[in-house]
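Chemist: model this:
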Amino acid sequence: MMSPWYAAALLLLATLASGCDENLESIAGPTPNLTPTFSSIEREIFNASDSSGRAACTNCHTDAGGRNPPTGMVLLTGRAYDAIVNVPARNKPGATRIIPGDPENSYFIHKLEDRTDIVGVRMPQRGPYLTDGQISIIKRWVQLGARRD
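Modeler: Next up, the predicted model:
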C-alpha cells in the first residue's frame, strides 16, 4: 500500500509536469491562440488587432509609408525579432529590450506592465493595453530563452 506522503508527492510531480504552461487559452483573453513562441507573439500581438479593441503593434511600430518609429523599433514580420532581442533600449540607457531568460529585467516587459522605471508611456500607447494573461505569455517566452521559434 502507498503511503499518503508518497501519493501526495506523486500527485505534485504529475501536476508540475503537466502544468508548466497551464491551459494558455484560459489566460490569453482576447488572443486565444497566443502561445509562448515568437511566431505566435508576432502573429497575435505585433501584427493583429484583438477583440479588446487593441490595435496591432505594427500600426505604429513600422517604417512603411515613410513612418519612422521614434525608438527605431520596427515590429514588422521578419524584422521584429532583431529589433527586440538583445537590443539596447534607445530611451533608457543601460536597459535591454528583451534579455533571453530574464523577463524581470527586460525593458520591453516593463513598458507593457507600466513599471515605474520606464521612460515615456506604457505600451501600447493610449491602450487598450495587453491583459495580464497576454503579458504572462510573453514573459514565459522570454523566460524560455526568447527563441526565434
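Chemist: Tell me the first helix or strand C-terminal of the lowest-mean-pLDDT helix or strand in the chain.
Modeler: Least confident element among the helices and strands of the chain, by mean pLDDT, DSSP states H and E: helix 4-18 (a mean of 41). The helix or strand immediately downstream of helix 4-18 is helix 38-41, counting by DSSP states H and E.
Chemist: If you count neighbours, what's buried in that following helix?
Modeler: By neighbour count on 16 or more other CB atoms under 10 Å, the buried set for helix 38-41 is 38, 40-41. (Glycine included, C-beta is placed from N, CA and C.)
Chemist: chain center to that helix, what's the gap?
Modeler: 9 Å (CA atoms, centre = their mean, to the nearest Å).
Chemist: so what's residue 123 closest to, chain neighbours aside?
Modeler: Spatial nearest neighbour of residue 123, chain neighbours left out: residue 111 (4.5 Å); criterion: CB to CB, 6 or more residues apart in numbering.
Chemist: Surely the one you found and residue 118 touch.
Modeler: Yes - in this structure residue 111 lies within contact range of residue 118 using CB atoms under 8 Å: 5.5 Å.
Chemist: quick one, which of these two is more surrounded?
Modeler: residue 111 (25 against 18; other CB atoms under 10 Å).
Chemist: contacts for the helix or strand the more buried one falls within?
Modeler: Using DSSP H and E, residue 111 sits in helix 107-113. Residues from elsewhere that reach helix 107-113 (CB atoms under 8 Å, 6 or more residues apart in numbering): 84, 89, 92, 95-98, 103, 117-118, 120, 122-123, 129-130, 135, 138-139, 142.
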